[in-house]
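K.L.:
Predicted coordinates and the sequence they were generated for:
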Amino acid sequence: MSPEHRADAAFRWLLPLVWVAAALAVLRPMRAPPALWVEVVTDAGIWRVQPEAPTLACALSAAGDDGNAAGVDGGRPVRHGDRLARVDGRWAVVRPADPALYGRRVDVDLDGVEALRALPGTSEALAQAIVDDRTAQGPFFGPQGLDRVRGVGPSWLMHAAPWIAFAVQGPPPEAARVDLNHASAEALEALPGIGPTLAGRIVADRAARGPFRRTADLDRVRGVGPALLRRLAGRIGVTR
């Protein structure tokens, strides 16, 4: 048999196999795409939902937030594991740095640097500062306690609030408060809103005019007003 005849015979023998393989490929059920899960942060908590399509509008709808979907970019794509939250009045997609954190909040009183870094707007330096402050001064007792950490301000608290929790709740015990009548300037500087200059004024005022009878008396010091006193509430105390 000539080479041409052998090639033709081989082609005729292989052709049915090609047709069978093609038919099986068409008839084989298509594998379903992996499930898409996203998390939607609302005032009631964090909801894990499975939207019908990978868009912002579908995710909000799955979380029962149709009323808040007006005015947002409903076609904005979302990805598996995304967290959606209102930031500055607008829906935003936040992707935590650590996928292991999906579905839970970061405990600021217990978690380490890596977990804290997953919070929006939190650098490694800020996460380390939070841990160092907690080690030196104890738990934060709530969002307001984080004010004492340098680098934490109202904007950071607003963005991080949906994702943080505190193992220790309630106001700090009296022993953890800064005693205005005995604290050094360095201890006063650790309080939010008090820098070296104001701390020096408080110490000087105490030496010149005597001890403070109550925490509200701190307003006799120049630079202390109602706003600062509200910020210091629960963190300062007085003893005779």
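P.N.:
It's in.

K.L.:
okay, now the domains of this structure?
P.N.:
38-99, 100-165, 174-237 (automatic domain parsing).

K.L.:
For these, please prepare a markdown table with the additional fields mean neighbour count and mean pLDDT.
P.N.:
Every C-beta, even on glycine, is put in place using the N, C-alpha and C of the backbone. Converted to a markdown table, the domains of the chain look like this (neighbours: other Cβ atoms under 10 Å; pLDDT from 0 to 100):
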| stretch | mean neighbour count | mean pLDDT |
| --- | --- | --- |
| domain 38-99 | 16 | 71 |
| domain 100-165 | 17 | 81 |
| domain 174-237 | 15 | 87 |
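
K.L.:
ok, Ile75 - contacts?
P.N.:
One thing to correct before we go on: residue 75 is Gly, not Ile. Going by Cβ atoms under 8 Å, 6 or more residues apart in numbering, Gly75 touches 55-57.

K.L.:
Same list (the residues you listed) but as CSV, adding secondary structure and distance to Gly225.
P.N.:
As requested, the contacts of Gly75 are arranged in CSV below (DSSP: H, G, I helix; E, B strand; the rest coil; distance: Cβ to Cβ, whole Å):
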residue, secondary structure, distance to Gly225
Thr55, strand, 48
Leu56, helix, 43
Ala57, helix, 46
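
K.L.:
for the protein, what spans make up the helices?
P.N.:
For the chain, the helices defined by DSSP state H cover 3-27, 56-62, 113-117, 124-137, 154-160, 185-189, 196-209, 226-232.

K.L.:
helices and strands around the second one, which ones?
P.N.:
When you say that, I think you mean helix 56-62. strand 38-42, strand 83-87, strand 90-94 (3 or more Cβ pairs under 8 Å, 6 or more residues apart in numbering; DSSP states H and E).

K.L.:
Now the second one - C-alpha only, PDB.
P.N.:
Spelled out, that is strand 83-87. The C-alpha trace of strand 83-87 is given here as PDB (Å, rounded to 0.1, in the frame of the first residue of the first chain):
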ATOM      1  CA  ARG A  83     -17.200  44.000  51.600                       C
ATOM      2  CA  LEU A  84     -19.600  46.900  50.800                       C
ATOM      3  CA  ALA A  85     -20.100  49.700  53.200                       C
ATOM      4  CA  ARG A  86     -21.200  53.300  53.300                       C
ATOM      5  CA  VAL A  87     -18.200  55.600  53.400                       C
END
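
K.L.:
and that strand, which strands flank it?
P.N.:
strand 38-42 (parallel), strand 90-94 (antiparallel) (DSSP bridges).

K.L.:
Using JSON lines, please lay out those together with distance to Ala216.
P.N.:
As requested, the strands paired with strand 83-87 are exported to JSON lines (distance: least, Cβ to Cβ, whole Å):
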{"stretch": "strand 38-42", "distance to Ala216": "37"}
{"stretch": "strand 90-94", "distance to Ala216": "39"}
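
K.L.:
now for those, which one comes closest to Gly237?
P.N.:
strand 38-42 (35.6 Å; Cβ to Cβ).

K.L.:
And for the closest one, what's in contact with it?
P.N.:
Strand 38-42 is contacted by residues 46-49, 51, 59-60, 62-63, 65, 78-86, 102-103, 162-163 when judged by Cβ under 8 Å, 6+ apart.

K.L.:
Next one: Thr82 from Val41, what distance?
P.N.:
Thr isn't right for residue 82; it's Asp. 11 Å (Cβ to Cβ, to the nearest Å).

K.L.:
same thing with Ala185?
P.N.:
Ala185 is 41 Å from Val41, by Cβ to Cβ.

K.L.:
still on that earlier bit, indicate which one of the strands paired with strand 83-87 is closest to Asp132.
P.N.:
strand 90-94 (25.3 Å).

K.L.:
Alpha carbons of the closest one, as PDB, please.
P.N.:
This file holds the C-alpha atoms of strand 90-94, laid out as PDB (Å, rounded to 0.1, in the frame of the first residue of the first chain):
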ATOM      1  CA  ARG A  90     -21.700  56.600  49.400                       C
ATOM      2  CA  TRP A  91     -21.400  52.800  48.900                       C
ATOM      3  CA  ALA A  92     -17.800  51.700  48.600                       C
ATOM      4  CA  VAL A  93     -16.100  48.400  48.000                       C
ATOM      5  CA  VAL A  94     -13.600  47.500  50.600                       C
END
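
K.L.:
Many thanks, we can stop here.
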